[in-house]
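>>> fold the stuff below for me.
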Amino acid sequence: MLQSYYTNPLPTADDTTLQRLRDLAAEYCPEEVQDTRREILPDECLDLTHLEEEFRLILEGGLPFADARIQATPSASETRFGQTNIVKEDGFGVGIPETQKLQQLNFDEPDTLDSDAIRRDFPVLNQKVNGHDLVWLDNGATTQKPLQVIDRISDYYKHDNSNIHRGAHTLAARATDAYEEARDKVRDFIHAASSDEIIFVRGTTEGINLVAQTYGRQYLSPGDNVIVSTLDHHANIVPWQRVCQEKGCELRAIPVDKNGDLILSELERLITPRTRFVSVGHVNNTFGTINDVERIIDIAHSHQVPVLIDGAQSVAHTPVDVQALGADFFVFSGHKIYGPNGIGVVYGRKEILDRMQPWQGGGNMIKDVTIERTEYNDPPARFDAGTPNVADAIGLGAALDYVRHIGIRNIEHHEHVLTEYAREQLALIPGLTLLGNPKHRVSVVSFVLEGIPVPETGKLLDREGIAVRAGHHCAQPALRALGYEMSVRPTFALYNTREDVDRLVVAVRKIVGER
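All right, here's what the predicted structure looks like:
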């Protein structure tokens, strides 16, 4: 950006540039920032007329840092991240208000997503469905995979395929290194303290089942209770329901208000001396609600109750720091964050994992076996019975690399702007009802059309080449709390554009107009 202000010729003796610089600096920059700027760009090399105008535009929220770049590690597919900012010259879309969520965001990186360039990394998006260019708005169910992930998995099978840990040959060593490197990447991405706290599983569902069937069965007794929330996915309800039934325990749920926000004042009432565990979603998959998990964790910990956070719907959309959260467990799925299907993660604090019994028995999770007894391995190997999903763990590592190169704050901002634009435009359609209006939300919009069944709406949108989810989203308690059984749910990702939203809005208007 600074280079755009170099000018020639240099100011003349009667030029008032330096005085204008001092006035401008006094208004916008502390002295220590000025000193740093002068080392890079001398006073005499500034076109202050241009500079002052752009500073004012930035402060008014209307000008992006257009010359900023995001540099990605080159790959076989030649990753392209350009300079185009999704905040166009007309600001945050057409009349989009700066919501409470946007006002409170602090972006560590410049928001410079060029979604058109990013889309070229996703070959599945380059196709027609029913004669129309594909618009993929089913990201809440699964995200598409960039070439960087596809190529990395293919490269593993072409060159390194082997079982891991116990082989004495070169391919086993390479496969083991790549698998453990993927574990390290997960550790860094969610800011865990140690790679020993990272367990690979098939996905969020298996991860929650692992915790319920190990920690839950080990520490629950008749008369105890476990707390979930009404906003949770079935994957965070059914496993605890089953173990509670087995152990003679009660399953309780934090209620939700009409906007789709949890009523956290009720959590204190639900917790009793017999509460043994709290398990809640970070983000709701139907209304996009970002739950105040920090507060939930603080309340539970004040009663010495451990907490699991289901991060399936948050990890691709907002920064996660498990240590800052204080979470005892955090689970997520690779396919929700541009990684392959069939791979997921359980983070568990080491002091808790060390006390837990294994879930499955077999190879790799043991230190020593006799007919009479088995000595178990230390975590995470204790929970890694059998041949692991090496290729997809490596693919997950590549996906996390991809997201890190773009910047999770950039993704968060981009998706937020799209979501607010979509909500505003959809709300103008007669007969359309938006479901939920949480205070803080990610890239989920949920709606119903008067007189048109939800499944039919989904099929009609598919005729226009638009893929959305239409159903109960494995979140029936959440929908029923707001008085609905199903909804149409478009969800946004880093490769979606404002044009995708416009296509959706036009298609919905067409559906309504034909009735």
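
>>> where does this structure have low pLDDT?
For the chain, applying pLDDT under 70 flags the ranges 1-112.

>>> the same query, at a cut-off of 50, please.
Counting by pLDDT under 50, the chain shows low-confidence ranges at 1-14, 57-111.

>>> could you pick out the longest strand of it?
As assigned by DSSP state E, the longest strand anywhere in the chain is strand 275-281.

>>> name the helices or strands packed onto it?
When contacts are defined as 3 or more CB pairs under 8 Å, 6 or more residues apart in numbering; DSSP states H and E, strand 275-281 packs onto strand 225-229, helix 293-302, strand 307-310. The way it works is simple: take the backbone N, C-alpha and C, and place the C-beta from them, glycine included.

>>> tell me what angle that strand forms with strand 225-229.
Angle, strand 275-281 to strand 225-229, by axes from the mean of the first three to the mean of the last three CA atoms, to 10 degrees: 20 degrees.

>>> how far off centre is strand 275-281?
21 Å (CA atoms, centre = their mean, to the nearest Å).

>>> ok, and what's touching that strand?
Defining contact as CB atoms under 8 Å, 6 or more residues apart in numbering, one finds that strand 275-281 is touched by 208, 211, 215-216, 219-220, 224-229, 231-233, 236, 240, 249, 254, 262, 271, 291, 293, 296, 300, 303, 305-310, 312-313.

>>> helix/strand/coil for the residue nearest the centre of the chain?
For the chain, residue 316 is the residue whose C-alpha lies nearest the centre (CA atoms, centre = their mean; 1.9 Å). For residue 316, the secondary structure call by DSSP: H, G, I helix; E, B strand; the rest coil comes out as coil.

>>> my read: it touches residue 339, true?
No. Residue 316 is beyond contact range of residue 339, at 9.4 Å (criterion: CB atoms under 8 Å).

>>> kindly provide the distance from residue 255 to residue 481.
According to CB to CB, to the nearest Å, residue 255 and residue 481 sit 7 Å apart.

>>> need the overlap of contacts for these two.
With CB under 8 Å, 6+ apart, residue 255 and residue 481 have common neighbours residue 230.

>>> which phi and psi does the residue nearest to the centre of the chain have?
Residue 316 adopts backbone torsions of phi -90, psi 0, taken as degrees, to the nearest 10.

>>> equivalent analysis for residue 470, please.
Per degrees, to the nearest 10, the backbone of residue 470 is at phi -130, psi 110.

>>> how close does it get to residue 412?
26 Å.

>>> quick one: the strands in the stretch 101-250 of the chain, in order.
For the stretch 101-250 of the chain, the strands defined by DSSP state E, counting those that start in this stretch cover 128-129, 132-133, 135-136, 198-201, 225-229, 250-254.

>>> can you lay out those as TSV showing mean neighbour count?
Converted to TSV, the strands of the stretch 101-250 of the chain look like this (neighbours: other CB atoms under 10 Å):
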stretch	mean neighbour count
strand 128-129	12
strand 132-133	14
strand 135-136	24
strand 198-201	24
strand 225-229	25
strand 250-254	18
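
>>> wait, which of these is closest to residue 425?
strand 135-136 (14.4 Å; CB to CB).

>>> quick check: neighbours of the closest one in the sheet, parallel or antiparallel?
Its sheet considered, strand 135-136 pairs with strand 466-467 (parallel) by DSSP bridges.

>>> give me the residues contacting the strand it pairs with.
By CB under 8 Å, 6+ apart, the surrounding residues in contact with strand 466-467 are 129, 132, 134-138, 461, 490, 503-504, 507.

>>> ok, now stretch 229-238?
Here stretch 229-238 has contacts from 204-205, 208, 228, 251, 253-256, 260, 262, 279-281, 284-287, 289, 291, 308, 310, 312-313, 473-478, 481, using CB under 8 Å, 6+ apart.

>>> neighbours of the nearest residue to residue 438 once chain neighbours are set aside, just the number please.
Closest residue to residue 438 apart from its sequence neighbours, by CB to CB, 6 or more residues apart in numbering: residue 289 at 3.9 Å. A total of 28 residues lie near residue 289 under the criterion other CB atoms under 10 Å.

>>> same deal with the one 10 residues further on?
Around residue 299 sit 19 other residues, with neighbours defined as other CB under 10 Å.

>>> spatially nearest residue to it (excluding sequence neighbours)?
residue 267 (5.3 Å).

>>> where does the one you found land in three-state SS?
Under three-state DSSP, residue 267 comes out as helix.

>>> how about the contacts of strand 466-467 in JSON lines, adding distance to residue 392?
Supplementary listing: the contacts of strand 466-467 in JSON lines, determined by distance: CB to CB, whole Å:
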{"residue": "129", "distance to residue 392": "26"}
{"residue": "132", "distance to residue 392": "31"}
{"residue": "134", "distance to residue 392": "24"}
{"residue": "135", "distance to residue 392": "27"}
{"residue": "136", "distance to residue 392": "21"}
{"residue": "137", "distance to residue 392": "25"}
{"residue": "138", "distance to residue 392": "20"}
{"residue": "461", "distance to residue 392": "30"}
{"residue": "490", "distance to residue 392": "27"}
{"residue": "503", "distance to residue 392": "32"}
{"residue": "504", "distance to residue 392": "31"}
{"residue": "507", "distance to residue 392": "34"}
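
>>> now do the same contact list for residue 391.
153, 156-157, 161, 340 are the contacts of residue 391 under CB under 8 Å, 6+ apart.

>>> residue 341 contacts residue 143, correct?
No. Using CB under 8 Å, residue 341 is not in contact with residue 143, being 10.4 Å away.

>>> identify the contacts common to the two.
residue 335.

>>> how near is the nearest residue to residue 339 once chain neighbours are set aside to residue 329?
For residue 339, ignoring the flanking residues on the chain, the nearest one in space by CB to CB, 6+ apart is residue 399 at 3.6 Å. Distance, residue 399 to residue 329, by CB to CB: 21 Å.

>>> which one's more surrounded, those two?
Neighbours were counted for residue 399 and for residue 329 using other CB under 10 Å; residue 399 has more, 29 against 26.

>>> buried residues, the one helix or strand the more buried one maps to. List them.
Secondary structure assignment for residue 399, by DSSP states H and E: helix 390-406. Neighbour counts over helix 390-406 (16 or more other CB atoms under 10 Å) mark 390-403, 406 as buried.

>>> what's the next secondary structure element after it?
helix 408-427.

>>> now the angle between helix 390-406 and that following helix, please.
80 degrees.

>>> just the helices in the stretch 401-515 of the chain please.
Using DSSP state H, counting those that start in this stretch, the helices of the stretch 401-515 of the chain run over 408-427, 454-463, 476-481, 498-513.

>>> identify the residues contacting the third one?
Outside helix 476-481, the residues within contact range by CB under 8 Å, 6+ apart are 230-232, 234, 237, 253, 255-256, 260, 284, 286-287, 435, 472-473, 485-487.

>>> what subset of the residues you listed is buried?
230-232, 234, 237, 253, 255-256, 260, 284, 286-287, 435, 472-473, 486-487.

>>> adding distance to residue 454, write the strands of the stretch 101-250 of the chain out as CSV.
Shown next, in CSV, are the strands of the stretch 101-250 of the chain (distance: least, CB to CB, whole Å):
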stretch, distance to residue 454
strand 128-129, 20
strand 132-133, 21
strand 135-136, 18
strand 198-201, 32
strand 225-229, 24
strand 250-254, 24
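
>>> pull the contacting residues for the closest residue to residue 353 other than its chain neighbours.
Leaving aside its sequence neighbours, residue 353 sits nearest to residue 379 (CB to CB, 6+ apart; 3.9 Å). When contacts are counted by CB under 8 Å, 6+ apart, residue 379 touches 196-197, 199, 348, 350, 353-354, 356.

>>> between these, which has the most around it?
Within those, most neighbours by other CB under 10 Å means residue 348, with 30 neighbours.

>>> what about residue 443, how many residues nearby?
29.

>>> partner strands of the longest strand of the chain, parallel or antiparallel?
Using DSSP bridges, the strands paired with strand 275-281 are strand 225-229 (parallel), strand 307-310 (parallel).

>>> how far off centre is the longest one?
Centroid separation for strand 225-229 versus its chain: 24 Å, with CA atoms, centre = their mean.
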